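Engineer: Sequence first, predicted model second:
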Number of protein chains: 2
Amino acid sequence: MREVFQSQLTEVQTRLVEIAEDTVKIIEKATKAFGTSDVSLADEAIAIADGSGNKALALDELVIKILARQSPVARDLRILVSALRISASLERMGALAGHIAAIARYRFPGAAVPASLTATFSEMGSLDVKLAKQVVELLKNTDVDFAREIQAQDARVDELHRHVFDVVLGDDWKENAMFTVDVTLASRYHERFADHVVDISSKVSYLTTGDWAETE
Amino acid sequence: MREVFQSQLTEVQTRLVEIAEDTVKIIEKATKAFGTSDVSLADEAIAIADGSGNKALALDELVIKILARQSPVARDLRILVSALRISASLERMGALAGHIAAIARYRFPGAAVPASLTATFSEMGSLDVKLAKQVVELLKNTDVDFAREIQAQDARVDELHRHVFDVVLGDDWKENAMFTVDVTLASRYHERFADHVVDISSKVSYLTTGDWAETE
């Protein structure tokens, strides 16, 4: 029985890693599409995001089945509940990255971001891609020190998010309302993407330390 | 044993209703603060939102305890898993309403919304308040027809959200970047608030119909 359960837990982990790998693909294509106004890359990002939602749904069903058949307690139970939360975060990350791609798509053939903010969004996009890749590693290895290391990087994304507002609300900002809307939303999506990475890392820390309060 | 379990389920329901009632208070105060630039109402909204997060955390702990002690299956298990999802949505609704209040606070004593969009935000705010109140009723009564009725109202919020962009991106929009940023974010927060209402209603429908696919 224990062996069956262990193989089911491994299946859950494998599927979470798979969804996280999708998220990496989506954010990579989305940030590249956003930076270079590449509409076919944007379409690819949106298509993967749509498919990834179904994988999260299927994973939830699997977790509910395992809960029903195995009635796990203690740490095993918490792993499964955390898997539900992690799958929800990954799904949102995919959706947010899809929104970034959608902005690039709407503005094509024009740019979604003006020259004054290209470098900021380039750094924010690279950070989100890096964080998504680290989530894949974290879900494979569930190392609590690595989880904390990941969380610490969110501060820079927040800093860049605030910088976008400083630029947009500064005296030198002469762009039209369309640019203002696009960079406001895109910056928000990048920031929320990184927030979900922090949430996932907290769940993994929690599985090791047992401190649920740390997870919010 | 069954009686103990039933009283635990009732406790979960009672706590969900309580958090939903907080959400009503937060969105009522937030939308009023947003429409009238009332900074003390905004502070009240933000304070309730902060406290409500802890209630959601405590509810999650309770649900995990019940799962461990009762090992529920079938519908009972799905009720508890849905409670985790609903609590997460309620927490996000509180946070989003808090963000709306925060915009009013930042812009005080100025207005957060220009005259050309006052009516739109007033309707969007009223709709969000109405939807939050309906969520309270739904969590009390879990009526599937009422759940569907609630979901149908989201379309109008989406329509108003699109209207905000039509106005902001239209030729007549002469407001400064600050107004553009504020109305973009505020509209997004209102729309996401209603999205979570739809998610919660779907979970309740699912508990009755058993169709999980309907829930996403």
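Structural biologist: Everything's here; your move.

Engineer: Show me what residue of chain A gets nearest to chain B.
Structural biologist: A:Ser71 (3.5 Å; Cβ to the nearest Cβ). The way it works is simple: take the backbone N, C-alpha and C, and place the C-beta from them, glycine included.

Engineer: Correct me if wrong: that residue contacts B:Asp76.
Structural biologist: No - using Cβ atoms under 8 Å, A:Ser71 makes no contact with B:Asp76, being 11.8 Å away.

Engineer: of these two, who's got more company?
Structural biologist: B:Asp76 (19 against 16; other Cβ atoms under 10 Å in any protein chain shown).

Engineer: Is whichever strand or helix holds that one in proximity to chain A?
Structural biologist: Following DSSP states H and E, the helix or strand that holds B:Asp76 is helix B:74-107. Yes - Helix B:74-107 is in contact with chain A by Cβ under 8 Å from any Cβ of the partner chain, via B:74, B:77-78, B:81, B:84-85, B:88.

Engineer: Of these, which is the most crowded?
Structural biologist: B:Val81 leads these on contacts (other Cβ under 10 Å) with 24 neighbours.

Engineer: A:Ala68 is in contact with that residue, correct?
Structural biologist: No - using Cβ under 8 Å as the test, B:Val81 is too far from A:Ala68 to be in contact (10.0 Å).

Engineer: shared neighbours, those two?
Structural biologist: Common neighbours of B:Val81 and A:Ala68 (criterion: Cβ atoms under 8 Å, 6 or more residues apart in numbering or on different chains): none identified.

Engineer: Can you name the residues that contact the residue nearest the centre of chain A?
Structural biologist: Nearest to the mean C-alpha position of chain A, counting by Cα atoms, centre = their mean, stands A:Met93 at 3.3 Å. For A:Met93, the contact set (Cβ under 8 Å, 6+ apart) comprises A:23, A:26-27, A:132, A:193, A:196-197.

Engineer: Which of those fall in helices?
Structural biologist: A:23, A:26-27, A:132, A:193, A:196-197 (DSSP state H).

Engineer: Those residues: which two are farthest apart?
Structural biologist: Farthest-apart pair in the ones in helices among the contacts of A:Met93 is A:Ile26 and A:Val197; separation 13.6 Å (Cβ to Cβ).

Engineer: Which helix or which strand is home to A:Lys140?
Structural biologist: Judged by DSSP H and E, A:Lys140 forms part of helix A:118-141.

Engineer: CA atoms only: put the helix or strand following that helix into PDB for me.
Structural biologist: Next along the chain after helix A:118-141, taking DSSP H and E as the criterion, comes helix A:144-152. The C-alpha coordinates for helix A:144-152 follow below in PDB (Å, rounded to 0.1, in the frame of the first residue of the first chain):
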ATOM      1  CA  VAL A 144      14.400  24.400   1.500                       C
ATOM      2  CA  ASP A 145      17.500  26.500   1.200                       C
ATOM      3  CA  PHE A 146      16.900  26.900  -2.600                       C
ATOM      4  CA  ALA A 147      13.300  27.800  -1.900                       C
ATOM      5  CA  ARG A 148      14.400  30.700   0.300                       C
ATOM      6  CA  GLU A 149      17.000  31.700  -2.300                       C
ATOM      7  CA  ILE A 150      14.200  31.900  -4.900                       C
ATOM      8  CA  GLN A 151      11.900  34.000  -2.600                       C
ATOM      9  CA  ALA A 152      14.700  36.500  -2.100                       C
END
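
Engineer: Buried ones in helix A:144-152, by neighbour count?
Structural biologist: Residues of helix A:144-152 classed as buried: A:146-147, A:150-151 (neighbour count, 16 or more other Cβ atoms under 10 Å in any protein chain shown).

Engineer: and these as JSON lines, adding pLDDT and distance to B:Ile46?
Structural biologist: Shown next, in JSON lines, are the buried residues of helix A:144-152 (pLDDT from 0 to 100; distance: Cβ to Cβ, whole Å):
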{"residue": "A:Phe146", "pLDDT": "95", "distance to B:Ile46": "34"}
{"residue": "A:Ala147", "pLDDT": "94", "distance to B:Ile46": "29"}
{"residue": "A:Ile150", "pLDDT": "96", "distance to B:Ile46": "28"}
{"residue": "A:Gln151", "pLDDT": "95", "distance to B:Ile46": "24"}
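
Engineer: Now tabulate these in JSON lines and tack on distance to chain B.
Structural biologist: JSON lines is the format used below for the buried residues of helix A:144-152 (distance: Cβ to the nearest Cβ, whole Å):
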{"residue": "A:Phe146", "distance to chain B": "24"}
{"residue": "A:Ala147", "distance to chain B": "19"}
{"residue": "A:Ile150", "distance to chain B": "21"}
{"residue": "A:Gln151", "distance to chain B": "18"}
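
Engineer: got the residues of chain A near chain B?
Structural biologist: A:53, A:56-57, A:60-61, A:64, A:67-68, A:71, A:73-74, A:77-78, A:81, A:84-85, A:88, A:165, A:168-169, A:173, A:175, A:177-178, A:180-181, A:184-185, A:188, A:212-213, A:216.

Engineer: By neighbour count, sort out the buried ones in those residues.
Structural biologist: Counted by 16+ other Cβ under 10 Å, the residues of chain A next to chain B give A:53, A:56, A:60, A:64, A:67-68, A:71, A:77-78, A:81, A:84-85, A:88, A:165, A:168, A:173, A:175, A:177-178, A:180-181, A:184-185, A:188, A:212 as buried.
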